[in-house]
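>>> next one to model:
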Amino acid sequence: MITVAVDCMGGDIGPAATLPACTAFLATHPDARVLLVGRPDVLRGWPRVFDDSRCVLVPASEVVTMDDPIEIALRRKKDSSMRVAIQQVKEGHAQVAVSAGNTGALMAISRYLLKTLDGIERPAIATQLPNALGGATTVLDLGANVDCSAEHLLQFAVMGSALVAASTGKAEPSVGLLNVGEEVIKGSEVIKQAGQLLRSAAAAGDLNFHGNVEGNDIFKGTTDIVVCDGFVGNVALKASEGLASMIAGFLREGFTSSPWRKLVGLLAMPIINAFRDRVDHRRYNGAALLGLQGLVFKSHGSADSLAFEHALARAYDAASRGLLDNVRQRIAHAKPLLSPDTVSELGNIPTI
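Modelled structure (predicted):
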């Protein structure tokens, strides 16, 4: 049985989203249980949730708000629902924790309590974006690390490969390095050095490196994984969510302006609904915090119950398929390349 620790108080909506999501999640996952972490006086206002014996209340007296500084969340709110949920993973009471709360606070608390894996300097946030092939492209980092070195991008590639291998069963997922062009001579010095490191990792059998990719390759599905710094990744994520919302709004309103359009919309409704579901960012909710000695998943802060349910399912899949062990094994294999001396030596190789 996989146990998921849920920060029920986090996010813009809080228990109104997280608790119905837990109920729906348990209905489709008979071998799962959830630890509902939060203020008892609030959570007990949803008695139907506790009708399921697989729901266990874990008290936490404080809440990390979306605008709390990291220092407040980490040092002062030591009994927050976010911290207590992650503590369940550290103590072995749960295999994975899920929160829709403050991203910076979640990363800081997770790193403080769980520590990073040997060989990983910075954890990264990874999630999936839908692509034209009918699947999804895993992108990292999505905002945890705004300024990255070439070494960090190599670490992201190794961890992303482990995530995709564990979630899809594909032994050697392809990796692309996000750049302003496919040519190796393009990009900043950091990107050029990262390309050298990734090619060296591929030659050593640690990665299936495709080469440089551009922004549109994310949605083409050119590679299974796209690696970038957190600034670029977060912009790509928010842009894709905005585009999906715009398309959904157009489909919803575009066929209601006249009787003829209503008829066309009615006839096309099955196709419209399928397309809308395909690009609905809520169905891709749930980003993994990779590089920690424990599993933590971040839900979008504005997630409704459907989106949060998908985050729970993604966290469950990662735990049940041994994501943490997969990450450890790949990092151990690539450890010679991840050492500072090797990275420095390879990074100084002149690019073509």
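
>>> could you check how far E121 is from Q293?
E121 sits at a distance of 14 Å from Q293 (criterion: C-beta to C-beta, to the nearest Å). To be clear about C-beta, it is placed using only N, CA and C from the backbone, and glycine gets the same treatment.

>>> more neighbours, these two?
Using other C-beta atoms under 10 Å as the criterion, E121 and Q293 rank with Q293 on top: 18 against 13.

>>> for T222, which non-adjacent residue is spatially closest?
Leaving out its chain neighbours, the residue that sits closest to T222 by C-beta to C-beta, 6 or more residues apart in numbering is V213, at 5.5 Å.

>>> list the contacts of that neighbour.
Going by C-beta atoms under 8 Å, 6 or more residues apart in numbering, V213 touches G176, L177, L178, N179, E182, T222, T223, V226.

>>> show the buried residues in these.
Among these, those classed as buried by 16 or more other C-beta atoms under 10 Å are G176, L177, L178, N179, T222, T223, V226.

>>> now these in CSV, with secondary structure and distance to D141?
Output for the buried ones among the contacts of V213, formatted as CSV (DSSP: H, G, I helix; E, B strand; the rest coil; distance: C-beta to C-beta, whole Å):
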residue, secondary structure, distance to D141
G176, strand, 14
L177, strand, 13
L178, strand, 11
N179, coil, 15
T222, coil, 19
T223, coil, 16
V226, strand, 11
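
>>> closest to N145 among the residues you listed?
L178 (13.8 Å; C-beta to C-beta).

>>> how deep is the closest residue to the closest one other than its chain neighbours tucked in, by neighbour count?
Spatial nearest neighbour of L178, excluding adjacent residues (C-beta to C-beta, 6+ apart): C228 at 3.8 Å. Neighbour count for C228, taken as other C-beta under 10 Å: 26.

>>> how about A162?
25.

>>> then the one 5 residues further on?
Under the neighbour criterion other C-beta under 10 Å, S167 is assigned a count of 19.

>>> how about the one 3 residues further on?
K170 has 13 neighbours, counted by other C-beta under 10 Å.

>>> all further residue positions should be reported with the first residue as 548.
With the count now opening at 548, the last piece we talked about shows up as K717.

>>> read off the pLDDT value for the residue nearest to the spatial centre of the chain.
Centroid-nearest residue in the chain: A834, 1.4 Å away (criterion: C-alpha atoms, centre = their mean). Per-residue pLDDT puts A834 at 93.

>>> name the nearest residue to it, sequence neighbours excluded.
Nearest one to A834, counting by C-beta to C-beta, 6+ apart, is T674 at 3.8 Å.

>>> next one: the helix or strand that contains the one you found to chain centre, how far?
Assessed by DSSP states H and E, T674 sits inside strand 671-677. Its chain's C-alpha centre and that of strand 671-677 lie 5 Å apart, by C-alpha atoms, centre = their mean, to the nearest Å.

>>> identify each buried residue in stretch 643-657, please.
Applying 16+ other C-beta under 10 Å to stretch 643-657 flags 643-657 as buried.

>>> so V722 sits against H757, correct?
Yes. Between V722 and H757 there is a contact at 6.2 Å, judged by C-beta atoms under 8 Å.

>>> neighbour count winner among these two?
Per other C-beta under 10 Å, whichever of V722 and H757 has more neighbours is V722, with 27 against 20.

>>> which strands and helices sit next to the one helix or strand that one maps to?
Under the criterion DSSP H and E, the helix or strand holding V722 is strand 721-725. The contact analysis (3 or more C-beta pairs under 8 Å, 6 or more residues apart in numbering; DSSP states H and E) places strand 721-725 against helix 697-715, helix 736-750, strand 755-760, helix 762-767, strand 772-774.

>>> turn these into a markdown table, including mean pLDDT.
What follows is the helices and strands packed on strand 721-725, written out as a markdown table (pLDDT from 0 to 100):
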| stretch | mean pLDDT |
| --- | --- |
| helix 697-715 | 92 |
| helix 736-750 | 93 |
| strand 755-760 | 96 |
| helix 762-767 | 92 |
| strand 772-774 | 97 |
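
>>> identify, out of these, the most deeply packed stretch.
Of the helices and strands packed on strand 721-725, the one with the most neighbours on average (mean count of other C-beta atoms under 10 Å) is strand 772-774, at a mean of 29.

>>> paired strands for that strand, with orientation please.
Note on strand 772-774: by DSSP bridges, its sheet partners are strand 683-687 (parallel), strand 721-725 (parallel).

>>> stretch 645-665: end-to-end distance?
End-to-end distance for stretch 645-665, by C-alpha to C-alpha, to the nearest Å: 23 Å.

>>> quick one: mean pLDDT for that stretch?
Computed over stretch 645-665, the average pLDDT equals 95.

>>> quick one: the helices in the stretch 548-697 of the chain, in order.
Along the stretch 548-697 of the chain, counting by DSSP state H, counting those that start in this stretch, helices occupy 562-575, 587-590, 617-618, 628-637, 650-661, 697-715.

>>> CSV for those, including distance to E609?
Shown next, in CSV, are the helices of the stretch 548-697 of the chain (distance: least, C-beta to C-beta, whole Å):
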stretch, distance to E609
helix 562-575, 15
helix 587-590, 12
helix 617-618, 15
helix 628-637, 7
helix 650-661, 12
helix 697-715, 31
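
>>> between those helices, which gets nearest to A683?
Across those, A683 has its closest neighbour in helix 697-715 (9.3 Å, C-beta to C-beta).
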